[in-house]
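>>> Next input, structure requested:
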Amino acid sequence: MILDINGLAFTYNSHPVLEGMEFSLQGGELLAILGPNGVGKTTLLKCINAIHRPMQGTILVEERDVLAMRPAEIALNIGYVAQRSEPARLTVFDAVLMGRKPHIRWRVTEHDLQIVESALRRLRLDALAMRHIDQLSGGELQKVAIARAMVQEPRLLLLDEPTSSLDLKSQVEILTMIRRVVDEHRIGAIMTMHDLNTALRYADKVLFLKDGVIHSRGCAREVTREVIEEVYGLPVHIHHVHGRPLIVPVHDHSPATPEHHHALPHSH
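Residues are numbered from 1 along each chain as shown. Got it, this is the predicted structure:
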């Protein structure tokens, strides 16, 4: 078991944010944490990574207590990609190399450099290796943050909205790569997402949060209309494409009838 969480609760300023969190993750599994804004998705990731200290509960990564680990030990086991990374006056190569810090003892080795170069190639960042990260677009900066987490070679990868600032092509590239790394290295990965259909396409498992508790969880392929409507308060249809559910909101208006339909004007 990569991750085992039991009875996790977190309170902020005497206000319960998360209660009764219990779930597990095995190697080779990708879990998507879903739910409306403000339900505690990011907070849950930060608790797993011990950035926030839970009020109660246990967090075990490969049977080791995360809350008893030193920061350097956590970095060896857990990679974390925040929603936003602050740009600094570092090159892309050096920023990604920083992810190797937990593994470096006396000096940077040829093995460390090879791992960084491989990550840059996989994320199509090799052409930007010597550019400073404060000159990057938001999407490029997000790719650098993901590459930095990947070179840590963690057993558990936590990604908070990993595709929020990426265009469609980059989203597919990033999530395909994450999926491949999870499968090939048998690590566990958890990502928070707002885009339900993207999450359901790549994840093995889903966990829905509502009002600070786990509303439901299960296989991504088996998500139901009832769960989506209860969590988001929005009527939907579910279609299946290539075996994966596709969520389509129900509009509160009828589509235009043929006689009322007008073609968009051509630009000249």
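>>> residue ranges with poor pLDDT in the chain?
Low-confidence segments of the chain, defined by pLDDT under 70: 85-87, 252-268.
>>> biggest helix in it by residues?
Ranked by number of residues, the top helix in the chain under DSSP state H is helix 168-185.
>>> helices or strands up against it?
With contacts defined as 3 or more Cβ pairs under 8 Å, 6 or more residues apart in numbering; DSSP states H and E, helix 168-185 has these neighbours: strand 30-34, helix 138-151, strand 156-160, strand 188-192, helix 196-202. Every C-beta, even on glycine, is put in place using the N, C-alpha and C of the backbone.
>>> could the ones you listed be laid out in a markdown table, adding mean neighbour count?
Converted to a markdown table, these look like this (neighbours: other Cβ atoms under 10 Å):
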| stretch | mean neighbour count |
| --- | --- |
| strand 30-34 | 26 |
| helix 138-151 | 22 |
| strand 156-160 | 24 |
| strand 188-192 | 25 |
| helix 196-202 | 19 |
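>>> quick one, helices of the protein?
Listed in chain order, the helices found in the chain under DSSP H are 41-48, 71-77, 92-97, 110-122, 138-151, 168-185, 196-202, 225-232.
>>> export these to CSV and tack on distance to Gly57?
Formatted as CSV, the entries for the helices of the chain read as follows, by distance: least, Cβ to Cβ, whole Å:
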stretch, distance to Gly57
helix 41-48, 8
helix 71-77, 17
helix 92-97, 33
helix 110-122, 33
helix 138-151, 24
helix 168-185, 25
helix 196-202, 25
helix 225-232, 22
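>>> Relative to Thr58, which of those is closest?
Put simply, out of the helices of the chain the one that sits nearest Thr58 is helix 41-48, at 11.2 Å, with distance taken as Cβ to Cβ.
>>> Return the distance of that closest one from the chain's centre.
Its chain's C-alpha centre lies 11 Å from the corresponding centre of helix 41-48 when counted by Cα atoms, centre = their mean, to the nearest Å.
>>> next one: stretch 193-204
For stretch 193-204, the distance from its own C-alpha centre to the chain's C-alpha centre is 10 Å (Cα atoms, centre = their mean).
>>> Could you tell me the end-to-end distance of it?
Counting by Cα to Cα, to the nearest Å, you get 14 Å between the two ends of stretch 193-204.
>>> which outside residues touch that stretch?
The set of residues that contact stretch 193-204 without belonging to it, under Cβ atoms under 8 Å, 6 or more residues apart in numbering, is 29-34, 37, 161-164, 171, 175-176, 178-179, 191, 206, 219-221, 223, 228, 244-247.
>>> Drop anything exposed from those residues.
When neighbours are counted using 16 or more other Cβ atoms under 10 Å, these contain these buried positions: 29-34, 161-164, 171, 175, 178-179, 191, 206, 220, 223, 228, 245, 247.
>>> Straight-line length of stretch 26-42, end to end?
With Cα to Cα applied, stretch 26-42 spans 21 Å between its terminal residues.
>>> Check stretch 34-52 too.
Counting by Cα to Cα, the length from the leading to the trailing residue of stretch 34-52 is 20 Å.
>>> buried stuff in it?
Residues 34-35, 39-50, 52 are the ones in stretch 34-52 that count as buried (16+ other Cβ under 10 Å).
>>> Just name the closest of those residues to Gly139, please.
Comparing the buried residues of stretch 34-52 against Gly139 with Cβ to Cβ places Thr42 closest, at 19.6 Å.
>>> residues contacting the residue nearest the centre of the chain?
With distances taken as Cα atoms, centre = their mean, Met191 lies nearest the centre of the chain, 2.3 Å away. By Cβ under 8 Å, 6+ apart, the residues touching Met191 are 30-33, 158-162, 178, 199, 203.
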